[in-house]
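Undergrad: Based on what follows, work out the 3D shape:
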Amino acid sequence: MKTVLITGANKSIGFEAARQLLQQGYYVYLGSRDAERGQQAVDQLHAEGLTQVEPLAIDVTNSASIAAARETLGQKTAVLDVLINNAGILGTPVQPATSASVAMIKEVFDTNVFGVVEVTQAFLDLLRQSPEPRIVNVTSGLGSLTLHNDPTWKYYHVKGAAYQPSKAALNAYTIMLAYELRDTPFKVNAVDPGYTATDFNHHSGPGTVQEAAARLVKAATLGPDGPTSQFFSDDSAPETGISPW
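TA: Down below sits the predicted model:
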């Protein structure tokens, strides 16, 4: 049975991705910053008859928490097949480049970039034990620098000094990681779940969590001939599904 760790999975897209992977026969370690909320999410899945899941307390902005989560998981399994770096934050709703708080920008980067780097590095040894390891970094179409410089893009005016740059940085890290692992069985990709109705955006997005999660699951379950070092986005690039960086 393949195993997967999903950070920030106690609600919304991460929770639905856990559900869909459980339905595909994966064993899910449901990562949650708050242990109680993680257990509640697991209890809900158990009530649905999806029992191959357990919570894993992990705060991606806390080195001690990441180390503890790695130790805990290592006591449960010697192999991790999939890591989905899903945990992320938006920061304040308005983020003008001329006046956004540096403290707020750092806070967003701590979760969206540095947290991903540290979690990935912490669990890489377990992933290396898998014959087909997969890393999915949950990004946003708003992380595309190419599209942000295109006045015809539908989200051209959706600018911000923290969230958008953090996702651009995450995309860059994805490229570097995929390159370093290019001669191995790893598939490392960035996935834009799309503009989805969640707590993250006060349920303003037109997409559903089911559709968004399916995009993550698709990248998490790529076969050996699947692509690596790609920026998947059905929203920003509906014709090809591949967004420009």
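Undergrad: Now do the SS call for Leu80.
TA: coil (DSSP: H, G, I helix; E, B strand; the rest coil).
Undergrad: So the closest residue to it other than its chain neighbours versus Ala97, what's the distance?
TA: In this structure, Leu80 finds its nearest non-sequential neighbour in Leu126, 3.8 Å apart by CB to CB, 6 or more residues apart in numbering. Every residue, glycine included, has its C-beta placed from N, CA and C. Counting by CB to CB, to the nearest Å, the gap from Leu126 to Ala97 is 39 Å.
Undergrad: Also Gly115?
TA: Taking CB to CB, one finds Gly115 at 23 Å from Ala97.
Undergrad: Tell me which of these two has more neighbours.
TA: A count of neighbours by other CB atoms under 10 Å puts Gly115 above the other of Gly115 and Ala97, at 25 against 12.
Undergrad: ok, the residue positioned nearest the centre of the chain to Ala9 distance?
TA: The residue lying closest to the centre of the chain (CA atoms, centre = their mean) is Asn86, at 2.6 Å. Per CB to CB, Asn86 is found 6 Å from Ala9.
Undergrad: Mutual contacts of these two, please.
TA: 17, 31 (CB atoms under 8 Å, 6 or more residues apart in numbering).
Undergrad: list the contacts for Ala212?
TA: 13, 16, 193-194, 196.
Undergrad: these two touch, right, Ser130 and Asp81?
TA: Yes: the pair Ser130 and Asp81 passes the contact test of CB atoms under 8 Å, sitting 4.4 Å apart.
Undergrad: Common neighbours of these two, please.
TA: In contact with both Ser130 and Asp81: Lys2, using CB under 8 Å, 6+ apart.
Undergrad: Of these two, give the one with the bigger neighbour count.
TA: Taking neighbours as other CB under 10 Å, Ser130 and Asp81 compare with Asp81 leading, 22 against 18.
Undergrad: Run through the residues that contact the more buried one.
TA: 2-4, 26, 127, 130, 132-134.
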